[in-house]
Each structure stands twice: as C-alpha cells, then as structure tokens.
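Chemist: Just the structure for this:
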Amino acid sequence: MDRTIPSATRVEALYGDRLVPCHAPRPVNLDAMLRATVASRAGAPALEEGERIWSYAELDRMVNRTATGLRAAGVVAGERVALFMGNRIEFTALLFGIWRAGAVAVPIGIRQSAQELEYMLNQCEACALVLEASLAPRLPPRERVASLRTVVYCADPGESWSGGPGAMDYPALLAMGCDAPLAASLGDQEPACIMYTSGTTGHPKGAVLSHLGFFHSAHNYAGRFGYHADDRTLLVIPGTHISGLLAVVVVSMLVGACMVSLREFQAPRVLDVLSRRRITAAVMVPAMYNLIVLEPGLAGRDLSAWRIGHFGGAAMPEITIQRLATLLPGLALYNGFGATETTSAIALTEPGDAARYPDSVGTLLPCVDVRVLDAEGREVPLGQPGELWIRSPGNAIGYWNNPQATRSAFVAGYWRSGDVGSMDALGLLRVFDRIKDMINRGGFKVYCVELENVIQRYPGVIEVAAVPSPCPVLGERVHVFVHATQPVMLDALRAFCRDHVADYKLPDILTQSPEPLPRNLNGKLTKAPLRERARILATAPDISPKG
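Modeler: The predicted structure is shown next:
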C-alpha cells in the first residue's frame, strides 16, 4: 500500500517573504502525518531493533505517553527538547513525542564533545535533554545550562545511571504521561527541528527546519524511490543527522514501512541484517558501500530483497558502482545531493542513472529550483560551473538566534549553498566541490572530487582525499591522502592519473595513512584535519614516496 500523497502543487508564500511551489494537499504537521499512518497500519510492524519490535499502534502509544509526559514535566509548545542518543528504538518515539507535545526537537550526534553539547544546549536554550546513559560523562553541570529543567536518560538492561538531581529514566517519563489522545496543534510552517551544521570555523549554526520542509522532502523521496508500506528500511547512519532523520526515519513513517535500526556500522553485521531481516532499502555513505563490497562474506548472502541503495554526502567511486552492479544486479543505486539547510535531498538520480551518469547527483526533485551563479551573482550558461543557489520548500526558515547568518545565507528566497556545480541540458546536476575546498594551482582550478574519483580506481586504494597544500610559487599544490591495502608511490600514482586528468590536476604530494581517513558523525569524510596536516607538512622536507 502506497501512503504517499498525490503530487498536486501550488505556489505559496512561506515564512513571510518566499514564494515557493509546494505539494498540496498535505498533513498539517508531522504528528498528523504519523497519526494518518497509524490509522491504516496499526497492527503492522513499525520499528525493529534486535529482538524488540513495535507495531504502529505500540509506537503511537509510546509517542502519546512521551508527549503527555513531557507536558507533565512542564514542556510547553515551542520549547526545545534535545536528543543526545544513537540509533535506538526509543529515538523515533521521542522524536514524534516531542512534535506531538508541540515542542521543537534538537537532535545531537553522539560524537559531539562535552563542550559542543554544552554550546548547543545553551544556544537553543533547551528546556529538556534526553540522552543515553552511556553519554552521561559529557553532560555539562546543570548550572552551566540555565535553561535546562528536565533531564531524561535511556538505559539498556543492566545499565544504570542516577542522572543527578532531578533526572529521571525514560520509563519514569512515560509513567508521567497518559493514554488520553493528544494531537499537536501546530501549523506546518512552524519549527520541527533545530539541526546544527558542522561548520569548519567557529561554532555550528542551528538550522531551523519546518514541518512543511520535512514532509516535502520525505514525499519527494517516496515518489522518486517508489517506497511503499511493504518496504523494510535500514537505519545505520545516525538518525540525528539530516540524512538518517529524513531519508530513513520520517519517510518510513510517511509510507508505513518497517524501519530496522542498527546502532553502528560493521560490514559483517550490516550484511547479516540486510539478509536476515529482508531489508529492501538502505541509506549509507559511499565508504560503507565500499566496505560491503570488500567484505569476504558478501557472495554467500541472500540479498535478493535489497532493491534500493541510496548514497550521498560524497561521490561514490565509479569502481564501487561497477562492483555493486556485478555482485548485486538487483540493487538499484541512487545518488543524491542536499544539505541540512535544505532538509536533505533537492536532487536524486533516476533509475539507472547512477551508473549511466556517475558524475551526476541526479535531477531536481518536484518543487525545487536551482540557479547556478558566478561570483558577481550572474547566472552562467548550461554546463558552466558556479555557486548553487537553491529554492525549495525544504529550505530552512533560518538559523536559530543568528539573524546575520540568516541574512547572508538566505537571499531572495534562495539558500546560497557554497557548493560549486553545474546543470546540463538534460537537467542533470553536478556538484564539483565546496567553494572553499577547490584547489587553486597557479590560477588553474582543481576540483578535488574529479581527482579523487580517478585515484579511487588505483589498485589497493580504499579511500582518498585531495586538499590544498600552500606553495610560495603556485599559491596551492595538490596534496593527496590515501588509505590503501598496499604501498602507493607518488610517481606511479601520477602516471596512473595522467591518462584521466589534465597535468595541472596531478597530485604533487602524497601521504599514505595506515588508518582510515577522518570522518564526521555521519561517516562523511572531513577534510579540515587533513588541510591542517597538509599545511604543517608543507614546511617539512618532501618525503613523498617515489617510484
């Protein structure tokens, strides 16, 4: 049964000054969306984690108990409730419970440090925090977060934590609630989440995302991938990240699918779950697919149910796409592009296009408009690169309590992405790099993704990152970091690349890492520490391996 809403659209005025095409009709908020699903799917499985299985009726009861418990604890509509936890079954009940209570959810990834957690709680003035007991050492002293009135913790069997004065465990919060039906009285343009972006400098910004934006993006995912109620989705990327939250959690609840949660990625375990739980759709970052391809037990697994493999956050190496096509011919791969500020994807590939156009992130989704502009704000011709300006119903309302950043990023109804890309005559969107990540080598622009995609094909390379290295003559040189199963020599790598890219794009410096390259909480490769290391190494003698 397909629970998506028909795709009639109309232009609407959003957030005061934006005219944006929107899907209509639609639910008034995300709580109404879930209640509509529960009404038709009450006895069907909604969530699975290990041996724990909740039907939609059981999930709805937990959501209601959570919402009324939060109300009893003093949470009022519009206040912020932070979730500092991993992919556990309670996460979805807490998320929708916050929305049913009329509050704003603030998902925070479990890899955030104590200082980052303290900053986010204070910046959004959170009134309540729900966290895993194991994360208690990172909880700031209560006196350092003046707005925080309520602390709730989730513990596994055998795990205990007193929580300090005034804290309660999740069952106690549920006991404070009741089963009297409650429905959120929220309009769809009101905030649903504040999600903190991982900025490269200074403090992260809290993107304020609306109920309307979440529904639109989930509706677009369901339409492009053909999701339906019989699907079984896998949540293995963090649910506290926009990709996991939107492309797995919310879209699963929209169509009435069963979502299976895994707390961490381990290739053998993921393969076991894909096979044993008959997963039909999974969202993972490219590195995860690469590790699955390299897993010795892949050939012996029955993965015949797995039909949708979505990826994003980085370019999928073409060699991995080819290997997956050979090993799993029934798996359709879909690339995508979006951001926290756009409530996930604004473009997705269409069936077969991930292999046919591996350098593209797909075509624009319904109600989305993208303009490619040069540095002077002028639209460039088709096929030419420029900054991507994005207009969509999923665009954030703005940044929480940061009007200057909001004014700079949201202009004339568009969000300035800071990404360099192009659009071709077929409507295919290509994203080359972040503006700040391009390498300017003697006046020539090097798009790191292009070079990385070539190096990924080099024998033994597991992952690769290209970053700028300061140079007194050229301004910047190309420094490549690789993690590989065998030694990689600079001269040999340059010779390999020479057949695929221009000479000015060839790597100048090579550093081979014995460990995997650094990644953020969603598993996406992060280049900030590599850029800093390249800067330090630029002053050291050249020790790149030759040969």
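Chemist: what kind of secondary structure is the residue nearest to Val250 when sequence neighbours are not counted in?
Modeler: For Val250, ignoring the flanking residues on the chain, the nearest one in space by C-beta to C-beta, 6 or more residues apart in numbering is Ala218 at 4.6 Å. C-beta here means a position set from N, CA and C on the backbone, and glycine is covered the same way. Under DSSP: H, G, I helix; E, B strand; the rest coil, Ala218 falls in the helix class.
Chemist: neighbours around Ala218, how many?
Modeler: When neighbours are defined as other C-beta atoms under 10 Å, Ala218 has 28 of them.
Chemist: what residues are up against it?
Modeler: Residues near Ala218 by C-beta atoms under 8 Å, 6 or more residues apart in numbering: 246, 250-251, 254.
Chemist: Filter those down to just the ones in strands.
Modeler: If you go by DSSP state E, the contacts of Ala218 have nothing in strands.
Chemist: List the ones among those residues that fall in helices.
Modeler: Here DSSP state H is the test, and these give 251, 254 as lying in helices.
Chemist: which outside residues touch stretch 47-57?
Modeler: Contacts of stretch 47-57 (C-beta under 8 Å, 6+ apart): 37-38, 41-46, 59, 62, 87-89, 92-93, 256, 258-261, 263, 277.
Chemist: Pick out the most distant pair among the contacts of Ala218.
Modeler: Leu246 and Leu254 (10.1 Å; C-beta to C-beta).
Chemist: isn't Leu333 right up against Ala355?
Modeler: Yes - the criterion here is C-beta atoms under 8 Å, and Leu333 meets it with Ala355 at 7.0 Å.
Chemist: So between these two, which is more surrounded?
Modeler: Higher neighbour count among Leu333 and Ala355: Leu333, with 22 against 15, using other C-beta under 10 Å.
Chemist: Just the ones of the contacts of stretch 47-57 in strands?
Modeler: 45-46, 258-261.
Chemist: what's the next secondary structure element after the lowest-mean-pLDDT helix or strand in the chain?
Modeler: Within the chain, no helix or strand scores below strand 444-446, which has a mean of 77 by mean pLDDT, DSSP states H and E. Once the chain leaves strand 444-446, the next helix or strand it forms, by DSSP states H and E, is helix 448-455.
Chemist: Report the distance from that next one to the chain centre.
Modeler: On the basis of C-alpha atoms, centre = their mean, to the nearest Å, helix 448-455 sits 22 Å off its chain's mean C-alpha point.
Chemist: Residue numbering should commence at 39 henceforth.
Modeler: Sure thing, new numbering starts at 39, so read that last one as helix 486-493.
Chemist: quick one: the helix or strand following it to helix 486-493, angle?
Modeler: Downstream of helix 486-493, the first helix or strand assigned by DSSP H and E is strand 499-509. Strand 499-509 runs at 140 degrees relative to helix 486-493, counting by axes from the mean of the first three to the mean of the last three C-alpha atoms, to 10 degrees.
Chemist: Quick check: buried residues in strand 499-509?
Modeler: Of the residues in strand 499-509, 499-507, 509 count as buried by neighbour count, 16 or more other C-beta atoms under 10 Å.
Chemist: about what we covered before: how close does the residue nearest to Val288 get to Val293?
Modeler: According to C-beta to C-beta, to the nearest Å, Ala256 stands 8 Å off from Val293.
Chemist: pLDDT weak spots in this protein?
Modeler: Residue ranges of the chain with pLDDT under 70: 39-45, 200-201, 236-240, 351-353, 473-474, 481, 558-561, 578-585.
Chemist: Which parts of it belong to which domain?
Modeler: Domain segmentation of the chain under automatic domain parsing yields 65-84+94-225, 476-575.
Chemist: Tell me which of the ones you listed sits most buried.
Modeler: Among these, domain 65-84+94-225 has the highest mean neighbour count (mean count of other C-beta atoms under 10 Å), at a mean of 19.
Chemist: For the nearest residue to Ile146 once chain neighbours are set aside, give the beta-bridge partners.
Modeler: Of all residues not flanking Ile146 in the chain, Phe122 sits nearest, at 4.7 Å (C-beta to C-beta, 6+ apart). Note on Phe122: beta-bridge partners by DSSP bridges are Ile146, Leu169.
Chemist: will you turn the ones in strands among the contacts of stretch 85-95 into a markdown table that also has distance to Trp427?
Modeler: Shown next, in a markdown table, are the ones in strands among the contacts of stretch 85-95 (distance: C-beta to C-beta, whole Å):
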| residue | distance to Trp427 |
| --- | --- |
| Pro83 | 42 |
| Ala84 | 38 |
| Cys296 | 38 |
| Met297 | 34 |
| Val298 | 37 |
| Ser299 | 36 |
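Chemist: pretty sure Ala533 is in a strand, no?
Modeler: No - secondary structure of Ala533 (three-state DSSP): helix, not part of a strand.
Chemist: Rebuild the domains of the chain as JSON lines, extending it with distance to Gly335.
Modeler: Output for these, formatted as JSON lines (distance: least, C-beta to C-beta, whole Å):
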{"stretch": "domain 65-84+94-225", "distance to Gly335": "23"}
{"stretch": "domain 476-575", "distance to Gly335": "18"}
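Chemist: hang on, Ile346 packs against Ala370?
Modeler: Yes - here Ile346 lies in contact with Ala370, judged by C-beta under 8 Å, at a distance of 5.8 Å.
Chemist: Spit out the contact partners of Asp55.
Modeler: By C-beta under 8 Å, 6+ apart, the residues touching Asp55 are Gly451.
Chemist: Likewise for Gly124?
Modeler: Residues near Gly124 by C-beta under 8 Å, 6+ apart: 148, 170, 276-278, 301-302.
Chemist: Just the buried ones out of those, please.
Modeler: The buried subset of those - by 16+ other C-beta under 10 Å - is 148, 170, 276-278, 301.
Chemist: if you go through the stretch 439-585 of the chain in chain order, where are the strands?
Modeler: Using DSSP state E, counting those that start in this stretch, the strands of the stretch 439-585 of the chain run over 448-449, 452-461, 466-472, 477-479, 482-484, 499-509, 513-522, 547-550.
Chemist: Would you give the sheet partners of the shortest one, along with the direction of each?
Modeler: Taking DSSP bridges as the criterion, strand 448-449 pairs within the sheet with strand 452-461 (antiparallel).
Chemist: Which strand or helix spans Gly376?
Modeler: Using DSSP H and E, Gly376 sits within strand 374-377.
Chemist: Now do the contacts for His348.
Modeler: 263, 285, 319-322, 371-372, 374, 386.
Chemist: Buried among those residues? Make that a PyMOL selection.
Modeler: In PyMOL, this line selects whichever of these come out buried by 16+ other C-beta under 10 Å:
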select buried, resi 263+285+319+320+321+322+371+372+374+386
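Chemist: Can you tell me which of the contacts of His348 end up in helices?
Modeler: Within the contacts of His348, residues falling in helices by DSSP H are Phe263.
Chemist: ok, of the contacts of His348, which one's closest to Met354?
Modeler: Leu371 (7.3 Å).
Chemist: So the closest residue to the closest one other than its chain neighbours: helix, strand or coil?
Modeler: For Leu371, ignoring the flanking residues on the chain, the nearest one in space by C-beta to C-beta, 6+ apart is Ala392 at 4.1 Å. Classification of Ala392 by three-state DSSP places it in helix.
Chemist: give me the number of residues near Ala392?
Modeler: Other residues near Ala392 come to 26 when the count uses other C-beta under 10 Å.
Chemist: do the one 10 residues further on as well
Modeler: Per other C-beta under 10 Å, the neighbour tally for Leu402 reads 20.
Chemist: surely it meets Ile384?
Modeler: Yes - between Leu402 and Ile384 there is a contact at 6.5 Å, judged by C-beta under 8 Å.
Chemist: what do those two both touch?
Modeler: Common contacts of Leu402 and Ile384, defined by C-beta under 8 Å, 6+ apart, comprise Val408.
Chemist: before we move on, what SS does Ala434 have?
Modeler: coil.
Chemist: contacting residues around the closest residue to it other than its chain neighbours?
Modeler: Distances taken as C-beta to C-beta, 6+ apart place Ala245 nearest to Ala434, at 4.2 Å, with adjacent residues excluded. Residues counted as contacts of Ala245 (C-beta under 8 Å, 6+ apart) are 232-235, 378-379, 434, 437-438.
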